[in-house]
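Asker: model the following, please.
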Amino acid sequence: MSVKAHVDAKRTGKGRFYTSAELGSARPVETVILVLLGLTMLLPFAWLVSSALKTRAELVKVPPIWIPEVPQWQNFIAVFREVPLLRFYFNSFVTAGGITLSVMITSAMAGFALAKYKFKGRDLVFQGILATMMLPAFIFVIPVYYMMKRVPFAGGNNWLGVGGFGLLHSHLSLILPFAVSGWGIFLMRQFMIGIPDDLLDAARIDGASEAYLFFRIILPLTKPALATVGIFTFITHWNNLFWPLIISTSAPELTTLTVGLKMLSMSFDPNRNAHLILAGLTVGILPVVILFASLQGYYVKGMVMSGLKE
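Answerer: Numbering: from 1, shown residues only. Just a heads-up that it's a prediction; the model follows:
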């Protein structure tokens, strides 16, 4: 084996070396496997879109058909006519967007402090943040609900937080409980550890302020991690059902798309209106698919580079 082959070789656990040529020949097989797996994961989405364009008779046809004879685009118009999907869309965008923006800001700032500043109790604070990730979310439902209701001087409350409904009739009741994410702080901290301290020290010697370090050096270098936090946060809260369902019981005007689609499936007879339900689901999933498809490069890079940090 040549010297170059030895340099390019990859060693396995059994002690055998694989040259670059051998690794290159294996890539087409890996590519085919990945393509097949990708197509398999796309099948449910393709079936959803196809079914949303079918008539009720085509949905129950045996054997099932993939492509409708005449696409029923009016199914989407009928869904918007039956339920206020535009209002649901607005509430979901405000909620998921507000939470995502808040989580990205707080995670970047907290991650910077935990990764690049040495202060007493830093490790204890980080361990406490990690501990919050171990707790199930439902144990906070009742305390957080009363906190939102008892906010002083909000929604008719007096300075003691009584007499009104607080923030329960505001989008803030959907955003504030999730404005900070322990997982987001953890990911940003892990990513920022890999940024050399010498880079920041050199900037400090040149007279750069801490704000300059954060906004002009740290943030541009952490775009992959920020995109990863943003994608996960937006998708999670776009699909969140439990908390928006609780809030919308007392404030129907805050009904999000997920809750609205659940109401749609409960109010319609699946045997008669399954095509409309599927059209509503298709409309609901499109923003998430578009967001992930447009930022998947940042997501992959952020997850890989964050996972390499100690």
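Asker: any stretches of this protein with poor pLDDT?
Answerer: 1-26, 267-272, 297-310 (pLDDT under 70).
Asker: quick one, strands of it?
Answerer: 10-11, 17-18 (DSSP state E).
Asker: show me the contacts for the nearest residue to residue 91 once chain neighbours are set aside.
Answerer: Nearest non-adjacent residue to residue 91, counting by Cβ to Cβ, 6 or more residues apart in numbering: residue 256, 4.8 Å away. To be clear about C-beta, it is placed using only N, CA and C from the backbone, and glycine gets the same treatment. Listed by Cβ atoms under 8 Å, 6 or more residues apart in numbering, the contact set of residue 256 reads 88, 91, 92, 95, 174, 240, 244, 248.
Asker: got the contact list for the spatially most central residue of the chain?
Answerer: For the chain, the residue nearest the mean C-alpha position is residue 232 (2.2 Å; Cα atoms, centre = their mean). Counting by Cβ under 8 Å, 6+ apart, residue 232 touches residue 183.
Asker: can you give me the helices for the stretch 101-250 of the chain?
Answerer: 122-132, 141-149, 172-175, 182-193, 197-205, 210-212, 219-221, 223-238, 242-250 (DSSP state H, counting those that start in this stretch).
Asker: can you say which of the ones you listed is nearest to residue 112?
Answerer: Closest of these to residue 112 is helix 182-193, at 6.0 Å (criterion: Cβ to Cβ).
Asker: are any of the contacts of residue 256 buried, and which?
Answerer: 88, 91, 92, 95, 174, 240, 244, 248 (16 or more other Cβ atoms under 10 Å).
Asker: now render those residues as JSON lines, adding distance to residue 264.
Answerer: Output for those, formatted as JSON lines (distance: Cβ to Cβ, whole Å):
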{"residue": "88", "distance to residue 264": "9"}
{"residue": "91", "distance to residue 264": "15"}
{"residue": "92", "distance to residue 264": "14"}
{"residue": "95", "distance to residue 264": "18"}
{"residue": "174", "distance to residue 264": "20"}
{"residue": "240", "distance to residue 264": "17"}
{"residue": "244", "distance to residue 264": "15"}
{"residue": "248", "distance to residue 264": "14"}
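Asker: what is the nearest of the residues you listed to residue 214?
Answerer: residue 95 (27.2 Å).
Asker: quick one: the residue nearest to residue 91 from residue 148, how far?
Answerer: Distance, residue 256 to residue 148, using Cβ to Cβ, to the nearest Å: 16 Å.
Asker: which residue, other than its chain neighbours, is closest to residue 89?
Answerer: residue 257 (5.7 Å).
Asker: try residue 203
Answerer: Using Cβ to Cβ, 6+ apart and skipping residues adjacent in sequence, the residue nearest residue 203 is residue 213, 5.8 Å away.
Asker: just residue 73 next, same as before
Answerer: residue 53 is the one closest to residue 73 (Cβ to Cβ, 6+ apart), at 7.0 Å.
Asker: quick one: residues contacting that neighbour.
Answerer: 68, 71, 72, 73, 75, 279.
Asker: give me the phi and psi for the first one.
Answerer: Same thing as residue 68. phi -70, psi 150 (degrees, to the nearest 10).
Asker: for residue 144, see how far away the closest residue to it other than its chain neighbours is.
Answerer: Of all residues not flanking residue 68 in the chain, residue 54 sits nearest, at 4.4 Å (Cβ to Cβ, 6+ apart). Residue 54 sits at a distance of 42 Å from residue 144 (criterion: Cβ to Cβ).
Asker: again, but for residue 166
Answerer: 12 Å.
Asker: for residue 255, see how far away the closest residue to residue 217 other than its chain neighbours is.
Answerer: Closest residue to residue 217 apart from its sequence neighbours, by Cβ to Cβ, 6+ apart: residue 203 at 6.2 Å. According to Cβ to Cβ, residue 203 and residue 255 sit 48 Å apart.
Asker: which one's more surrounded, the two?
Answerer: Comparing residue 203 with residue 255 by other Cβ atoms under 10 Å, the one with more neighbours is residue 255, at 22 against 16.
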